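*Asks:* give me a model of this one.
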Amino acid sequence: MPRRRRIEVPGELHHVMARGLDGMDIFRSDKDRNHFLHLLGKYLQMFDIRCYAWALMPNHYHFLVRPPGRDLGIMMRRLNGSYARYFNKTCGRRGYVFMDRYKSVATQDLMYFRELIRYIHLNPMRARVVKKLTSLASYRWSSHRDYLGQPRHSWCLAGEGLRRFGRNRSDALRAYQQFIGEGIDINHEETGFVAGDSRADDERVSGDPQFVRKALEQDRSARARRAALRARGVDIQSVALKVSSYYKVEPQALKNAGRHNARSQARAVMCCLCRTELGSTLREIGEFLDLTETGVALAARRGADHTRQHPLNIKI
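*Replies:* Presented below is the predicted three-dimensional model:
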């Protein structure tokens with residue numbers, strides 16, 4: 001059966017997982033783990049993706065994120081690709097490091113936010129890396145310690161996650177610890193929430209039937225819109241012409257440097273529209289504008305921020 005494409009639902013939670021090829025260990029030392037966390041923080045910031053929980057096991061990892069746009073897949077390719085190159089170089093090997101790249105499940109916030117935090121933080125116990133709950137607080141390689149009051153990474157929003165458990169910190173911490181303890185005997189795979197809601201028959205989305213239908217319809221609608229634009233011959237150059245006309249700048253000027261003028265704003269909006277409306281890759285836009293992929297990602301983020309604050313009447 002062909003593998004179905006992943007679903008990205010902007011603004012919704014995504015539970016992301018990746019495993020080593022054939023179950024091999026992908027973290028063999030603290031140096032490996034620290035390097036991976038460095039890369040994770042770097043790419044979360046680059047793509048403006050919010051992270052609420054994470055855990056590293058010897059042969060896999062989990063984290064819970066909320067992407068503002070449709071850049072999660074790009075971020076994951078950059079993250080896993082960068083780490084795979086580091087891993088192969090340090091181990092003197094070649095070939096794939098991760099099995100099937102990664103798995104992402106779009107998840108309904110209201111129903112599963114707390115449950116997923118618990119699932120991720122109890123992973124070291126399920127994997128038998130940590131033997132008992134009291135030892136979990138000493139496990140360095142998950143955000144459980146951050147939730148207990150030992151924040152270590154600015155990109156992990158443990159404070160926001162903890163607020164889901166109570167109005168003030170002391171009550172929230174007490175409720176969080178109780179909630180974690182109650183989850184030790186729960187088999188999450190049997191409940192179905194990790195792989196997806198069985199009622200929806202789609203493991204790419206978790207939530208009630210209404211949420212799942214909305215997510216799938218939103219994904220289909222975006223793909224149909226992009227296909228229709230391509231069928232009309234709309235491409236990156238077409239978008240550049242529309243945007244440059246709207247901002248009254250020369251199309252060639254979009255390639256010029258500068259960040260605080262109409263030309264820069266036009267370039268940012270163009271990058272945003274190419275990403276969201278056409279589904280163009282960072283590389284494709286970068287080749288057109290003579291920008292690096294990182295430069296395109298940052299410009300697209302500025303464009304998205306601008307269009308949210310100042311809706312534009314640019315029809316492509």
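*Asks:* what about the strands in the stretch 201-316 of the chain?
*Replies:* 205-206 (DSSP state E, counting those that start in this stretch).
*Asks:* buried ones in the helix or strand harbouring residue 99?
*Replies:* Assigned by DSSP states H and E, residue 99 falls within strand 98-107. For strand 98-107, the neighbour count (16 or more other CB atoms under 10 Å) marks 98-99, 102-107 as buried. Any C-beta I mention is one placed from the backbone N, CA and C, and that applies to glycine too.
*Asks:* of those, closest to residue 267?
*Replies:* residue 104 (29.6 Å; CB to CB).
*Asks:* you'd agree that closest one is up against residue 15?
*Replies:* Yes - assessed by CB atoms under 8 Å, residue 104 is found in contact with residue 15 at 7.1 Å.
*Asks:* give the contact list for residue 291.
*Replies:* Contact analysis of residue 291 by CB atoms under 8 Å, 6 or more residues apart in numbering lists 285, 299.
*Asks:* ok, now with 10 Å
*Replies:* 254-255, 257, 267, 271, 282, 285, 297-299 (CB atoms under 10 Å, 6 or more residues apart in numbering).
*Asks:* residue 241 reaches residue 251, doesn't it?
*Replies:* Yes - the pair formed by residue 241 and residue 251 meets the contact definition of CB atoms under 10 Å, at 5.7 Å.
*Asks:* report the set of residues contacting both of these two.
*Replies:* Contacts common to residue 241 and residue 251, judged by CB under 10 Å, 6+ apart, are residue 270.
*Asks:* residue 71 - nearest residue in space that isn't next to it in sequence?
*Replies:* Beyond its immediate neighbours in the sequence, the residue positioned closest to residue 71 (CB to CB, 6 or more residues apart in numbering) is residue 47, lying 4.6 Å away.
*Asks:* need the contact list for that neighbour.
*Replies:* With CB under 10 Å, 6+ apart, residue 47 has these contacts: 65, 67-69, 71-72, 74-76, 78-79, 282, 294, 297-298, 300-301.
*Asks:* do you know how far it is from residue 155?
*Replies:* 11 Å (CB to CB, to the nearest Å).
*Asks:* can you give me every residue that contacts the nearest residue to residue 268 once chain neighbours are set aside?
*Replies:* Closest residue in space to residue 268, ignoring its immediate chain neighbours: residue 303 at 3.7 Å, by CB to CB, 6+ apart. Counting by CB under 10 Å, 6+ apart, residue 303 touches 243, 265-276, 312.
*Asks:* among the residues you listed, name the buried ones.
*Replies:* So, by 16+ other CB under 10 Å, the buried ones in the contacts of residue 303 are 243, 265-276.
*Asks:* and of those, the nearest to residue 37?
*Replies:* Nearest member of the buried ones among the contacts of residue 303 to residue 37, counting by CB to CB, is residue 275, at 26.9 Å.
*Asks:* just to revisit the earlier point, who touches both of residue 104 and residue 15?
*Replies:* residue 65.
*Asks:* can I get the CA coordinates of stretch 161-178 in CSV?
*Replies:* Extracted C-alpha coordinates of stretch 161-178, given in CSV (Å, rounded to 0.1, in the frame of the first residue of the first chain):
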residue,chain,number,x,y,z
GLY,A,161,2.3,23.6,29.0
LEU,A,162,2.2,23.6,32.8
ARG,A,163,-0.5,26.3,32.7
ARG,A,164,-2.8,23.6,31.3
PHE,A,165,-2.8,21.9,34.7
GLY,A,166,-3.7,24.9,36.9
ARG,A,167,-4.1,28.6,37.3
ASN,A,168,-1.1,29.2,39.6
ARG,A,169,2.3,27.4,39.5
SER,A,170,2.0,25.5,42.8
ASP,A,171,-1.5,24.1,41.9
ALA,A,172,-0.4,23.3,38.3
LEU,A,173,2.8,21.5,39.4
ARG,A,174,0.9,19.4,41.9
ALA,A,175,-1.8,18.5,39.3
TYR,A,176,0.9,17.8,36.7
GLN,A,177,2.8,15.4,39.0
GLN,A,178,-0.5,13.6,39.9
